[in-house]
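Okay, predicted coordinates and the sequence, questions at the end:
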Amino acid sequence: MSGGARRALVLVENLSVPFDRRVWQECATLRDAGWRVDVICPQGGKRDTEAEAEIDGIRIHRYPLHAATGGPAGYLREYGAALWHTFRLAREVGPVDVVHACNPPDLLFLPALWLKRRGARFVFDQHDLVPELYLSRFGRGKDLLYRAVCLLERLTYRAADVVLATNESYKEVAVRRGGRRPEDVFVVRSAPDVDRFHPVPAEPELKRGKPHLLCYLGVMGPQDGVDYALRALAKLRDECGRDDWHAVFVGGGDTFDAMVELSRTLGLTDRVEFTGRIPDADLARYLSTADVCLSPDPHNPLNDVSTMNKVLEYMVMGRPVVSFELREARVSAGEAAVYAPANDESAFAKLIVELLDDPERRTRMGEVGRERIGGPLSWRNSQTALLAAYAAASKSTGKRPHR
């Protein structure tokens with residue numbers, strides 16, 4: 001490797017950059033620590049559309065990618081194209097000291113191995129447990145494709161010099177299922193950027209003439225529970241007799257159109273608003289005005305052990321949260337949320353009622369959330385863990401311990 005600043009190449013397939021906030025925070029942390037950072041990722045649809053960009057000293061190389069449609073065959077086409085472009089652009093970037101691959105999918109170990117043979121160290125940034133994602137998203141059971149994604153995960157663990165886990169549950173999986181030594185797995189939690197994401201004055205007109213605003217923020221995919229939220233809102237109206245609220249759903253995803261249609265079927269069109277993806281400034285307006293925020297992710301093998309970014313963003317804005325009972329939801333939110341029994345939509349609706357009727361409790365919960373984001377869940381702690389992981393990767397011989 002030539003002299004000068006150390007070089008890191010970050011590989012992402014799931015989202016564009018800097019739209020992927022976690023990846024962007026990691027890149028900025030590395031840059032501030034003296035690393036020269038390149039990113040290879042897909043182009044966005046409405047933002048991050050340029051093929052090449054340099055933003056705040058970080059060089060981004062983007063490729064065109066069509067999102068999967070039509071089931072597993074569509075994903076094979078998507079991932080094949082992503083791998084081809086990633087290899088192509090990695091050759092253009094040239095030699096690097098560290099290759100940092102973010103899943104899903106668990107296929108980026110292939111270009112990472114190619115770079116390892118040229119002297120790079122490999123940091124695996126595990127954003128999702130793909131076997132659990134497969135079970136939760138497709139409902140096909142432990143079939144041949146499930147066994148294939150398990151194999152790809154094992155190969156990724158084996159190839160990595162160090163692993164970044166988003167929480168302790170993911171670290172446990174890396175040790176137990178991936179055979180990694182605990183000292184080779186670093187917990188780098190996702191956290192909102194408190195400098196960019198903070199409360200603004202509430203705008204009562206966003207409540208559309210109702211006393212209360214309910215807000216959902218996030219991706220709308222099969223495993224994200226927007227359907228549970230909509231059915232809970234129908235029960236809030238029908239079983240709890242409450243019509244003193246307006247709800248806004250912010251975000252997009254594979255099931256966006258289906259969720260709009262479900263809201264029509266449930267007779268919620270006049271009280272539920274779908275904004276699609278919106279700028280951060282508009283998101284801050286909605287969250288700052290919301291009385292209660294919704295985290296309706298149902299209990300399944302993935303959600304129970306995953307940290308929900310939406311919950312952290314609700315907390316940094318000082319909003320109380322209603323969630324289903326999930327292990328990592330409690331770790332993140334603690335007393336900033338109330339928890340309905342797993343997948344119980346009627347109980348979820350009743351908890352919304354409790355919070356709507358108790359403004360002092362909502363305020364206390366919001367304060368707890370902000371304190372947690374500013375303390376144990378702050379990005380400062382994750383920055384320390386990220387730089388420690390890079391230091392460990394740089395010292396690694398690339399040899400795996402026998403287990």
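Received, thanks. Here the structure is a predicted model, which is why all the values come from computation and not from measurement.

Just list what the biggest helix by length in the chain packs against, helices and strands only.
In the chain, taking DSSP state H as the definition, the longest helix is helix 72-93. If you count contacts as 3 or more Cβ pairs under 8 Å, 6 or more residues apart in numbering; DSSP states H and E, helix 72-93 packs onto strand 7-11, strand 36-42, strand 58-63, helix 109-116. Every C-beta, even on glycine, is put in place using the N, C-alpha and C of the backbone.

what about dumping the CA coordinates of the second one to CSV?
Translated: strand 36-42. Coordinates of the C-alpha atoms in strand 36-42 are reproduced here as CSV (Å, rounded to 0.1, in the frame of the first residue of the first chain):
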residue,chain,number,x,y,z
ARG,A,36,-9.7,8.4,3.2
VAL,A,37,-13.2,6.9,2.6
ASP,A,38,-14.8,5.7,-0.7
VAL,A,39,-18.3,4.2,-0.9
ILE,A,40,-19.8,1.9,-3.5
CYS,A,41,-23.6,1.8,-3.4
PRO,A,42,-26.7,1.8,-5.7
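
can you pull the contacts of Cys150?
Pro131 (Cβ atoms under 8 Å, 6 or more residues apart in numbering).

In which helix or strand does it reside?
Following DSSP states H and E, one finds Cys150 within helix 144-159.

Arg380 now?
Element membership of Arg380 [criterion: DSSP H and E] is helix 379-395.

Kindly calculate the angle that that helix makes with strand 7-11.
Inter-element angle recorded for helix 379-395 and strand 7-11: 110 degrees (by axes from the mean of the first three to the mean of the last three Cα atoms, to 10 degrees).

just to revisit the earlier point, report all helices and strands that the next helix or strand after the helix holding Cys150 contacts.
Next along the chain after helix 144-159, taking DSSP H and E as the criterion, comes strand 162-165. Packed against strand 162-165 by the contact rule (3+ Cβ pairs under 8 Å, 6+ apart) you find strand 121-126, helix 168-176, strand 185-187, helix 379-395.

and strand 162-165, which strands flank it?
Paired with strand 162-165 in the same sheet, following DSSP bridges, are strand 121-126 (parallel), strand 185-187 (parallel).

just how off-centre is the longest one within its chain?
Between the mean C-alpha location of strand 121-126 and the chain-wide mean there is a distance of 17 Å, by Cα atoms, centre = their mean, to the nearest Å.

Touching the following helix or strand past it from outside, list them.
Past strand 121-126, heading to the C-terminal end, the next element that is a helix or strand (DSSP H and E) is helix 130-138. Applying Cβ under 8 Å, 6+ apart, the contact partners of helix 130-138 are 71-72, 103-106, 140-142, 145-146, 149-150, 152-153, 221-223, 300-303, 305.

Show the buried residues in the residues you listed.
Those of those that meet the buried threshold are 103-106, 146, 149-150, 152-153, 221-223, 300, 302-303, 305, by 16 or more other Cβ atoms under 10 Å.
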